[in-house]
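A.B. asks: Next come a sequence and a model predicted from it.
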Amino acid sequence: MEGVNREARLRLVLGLNVALVAGLVSVGFLAHSLGLLAAAWDTVTDVAVVGISLVAVRMVRRPPTAQRTFGYHRSTILAAQANAAGILAVSILILVEGVRRLFQTHHVEGGLVVVVAVAALLVNGIAALVLRADAEDLNMRAVLVDTVGDAAANAGVAVAGAVILLTDGHFWVDPVVSILIAIVVGGRALRLMAQAADVLLESTPAGLDVAELTSAMAAVDGIDSVHDLHVWSLSSEVRALSVHLVLSGHPTLEEAQVVGERLRANIGPRFGITHTTLELECESCVDVVDGCVEELGGAVRTRGAPPG
């Protein structure tokens with residue numbers, strides 16, 4: 001149901017951006033404003049960003065298959081990274097054009113720029129409010145970052161237009177504002193790309209303390225120690241964990257399963273972990289690169305190691 005709600009919000013934002021592009025491009029050329037044209041080009045990328053995000057949201061709802069046993073959760077992360085890369089590319093283009101315009105100033109219609117930039121700012125504000133509820137999802141955050149960047153761009157363009165209107169000649173303000181906007185939005189895009197890369201590299205989820213997680217698992221009744229712990233994200237909302245647990249005494253299979261369920265109930269809600277793989281052991285084993293070597297009564301058994 002949440003995916004359906006997100007799709008509806010993205011459709012609304014897509015419609016707002018399409019209307020905004022038409023207005024910004026038309027008036028940008030009419031007013032000779034690089035600021036408006038930069039905002040228009042950024043909004044064109046918004047349309048692509050929202051379109052990619054819509055596809056990702058739909059893909060997440062697909063059931064797992066034999067080839068993709070975890071489903072399509074990573075599609076939202078791939079969408080976030082692609083969108084961030086697009087935002088960064090546009091920021092670089094605006095930055096280069098802004099620097100060029102500093103040495104080749106053009107007459108800018110300040111009054112027209114102010115009116116259109118303020119109207120665009122209001123549209124961006126509405127879109128940001130629509131997206132704010134889903135800010136924890138990286139895919140939706142990419143769209144929100146782009147929208148907030150557009151709002152900042154249009155606010156800056158409005159200020160530049162007001163300065164040009166009041167001073168009747170400081171046309172250099174228009175490209176300067178575009179340069180500043182490109183730097184700020186590009187920085188945000190880089191941070192978003194880094195966050196998406198962390199998920200794709202299966203890094204420990206942001207904000208999760210591995211030491212605290214280990215202590216919480218070791219504190220569960222029936223568990224002596226914890227080792228070979230791995231925790232990662234499939235998406236912004238789905239966290240997975242695999243771990244080896246040394247159980248107290250020599251419990252039966254049924255008793256061991258009870259301990260496992262007890263641990264899942266303890267760490268699931270607290271750390272936001274929805275998928276767990278537990279290796280339950282009665283004796284401690286030594287971690288190796290390719291698996292776990294367990295010593296039992298002088299015999300050695302290898303778990304998870306490749307054959308050969």
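C.D. replies: All right, it came through fine. Numbering: from 1, shown residues only.

A.B. asks: CA only for contacts and neighbour counts going forward, please
C.D. replies: Fine.

A.B. asks: which SS class is Ser242?
C.D. replies: Here Ser242 is recorded as strand under DSSP: H, G, I helix; E, B strand; the rest coil.

A.B. asks: Same question for the one 3 residues further on.
C.D. replies: Secondary structure of Leu245, reduced to three states by three-state DSSP: strand.

A.B. asks: Quick check, it in contact with Leu263.
C.D. replies: No. Checked against C-alpha atoms under 8 Å, the pair Leu245 and Leu263 is beyond contact range at 10.1 Å.

A.B. asks: Show me which positions of stretch 166-175 end up buried.
C.D. replies: Neighbour-count burial for stretch 166-175 flags 170-175 (criterion: 16 or more other C-alpha atoms under 10 Å).

A.B. asks: residues contacting Asp221?
C.D. replies: Val259 (C-alpha atoms under 8 Å, 6 or more residues apart in numbering).

A.B. asks: Trp12 sits in which helix or strand?
C.D. replies: Quick fix: residue 12 reads Leu, not Trp. For Leu12, the host element (DSSP states H and E) is helix 2-31.

A.B. asks: Tell me the helix or strand right after that helix.
C.D. replies: Sequence order places helix 34-60 as the next helix or strand after helix 2-31, per DSSP H and E.

A.B. asks: for that following helix, packing partners?
C.D. replies: With contacts taken as 3 or more C-alpha pairs under 8 Å, 6 or more residues apart in numbering; DSSP states H and E, helix 34-60 sits against helix 2-31, helix 74-102, helix 138-167, helix 173-200.

A.B. asks: just how off-centre is the longest strand belonging to the chain within its chain?
C.D. replies: Ranked by number of residues, the top strand in the chain under DSSP state E is strand 223-233. Centroid separation for strand 223-233 versus its chain: 26 Å, with C-alpha atoms, centre = their mean, to the nearest Å.

A.B. asks: cool, and stretch 92-105?
C.D. replies: Stretch 92-105 sits 30 Å away from the centroid of its parent chain (C-alpha atoms, centre = their mean).

A.B. asks: Let's test this: mean pLDDT of it, rounded?
C.D. replies: The average pLDDT for stretch 92-105 rounds to 79.

A.B. asks: And for it, what's in contact with it?
C.D. replies: Outside stretch 92-105, the residues that touch it by C-alpha under 8 Å, 6+ apart are 34, 38, 171-172, 175-176, 178-179, 182-183, 186.

A.B. asks: Any buried residues in it, and which?
C.D. replies: 92, 94-95, 97-98, 101-102, 105.

A.B. asks: Can you dump the C-alpha atoms of it in CSV for me?
C.D. replies: This file holds the C-alpha atoms of stretch 92-105, laid out as CSV (Å, rounded to 0.1, in the frame of the first residue of the first chain):
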residue,chain,number,x,y,z
ILE,A,92,28.5,21.0,-13.7
LEU,A,93,27.0,22.3,-17.0
ILE,A,94,25.3,25.2,-15.2
LEU,A,95,28.5,26.0,-13.4
VAL,A,96,30.5,26.1,-16.7
GLU,A,97,27.9,28.2,-18.4
GLY,A,98,27.7,30.6,-15.4
VAL,A,99,31.4,31.2,-15.5
ARG,A,100,31.2,31.9,-19.2
ARG,A,101,28.4,34.3,-18.7
LEU,A,102,30.4,36.3,-16.1
PHE,A,103,32.6,37.5,-18.9
GLN,A,104,29.8,37.9,-21.5
THR,A,105,27.0,39.6,-19.6
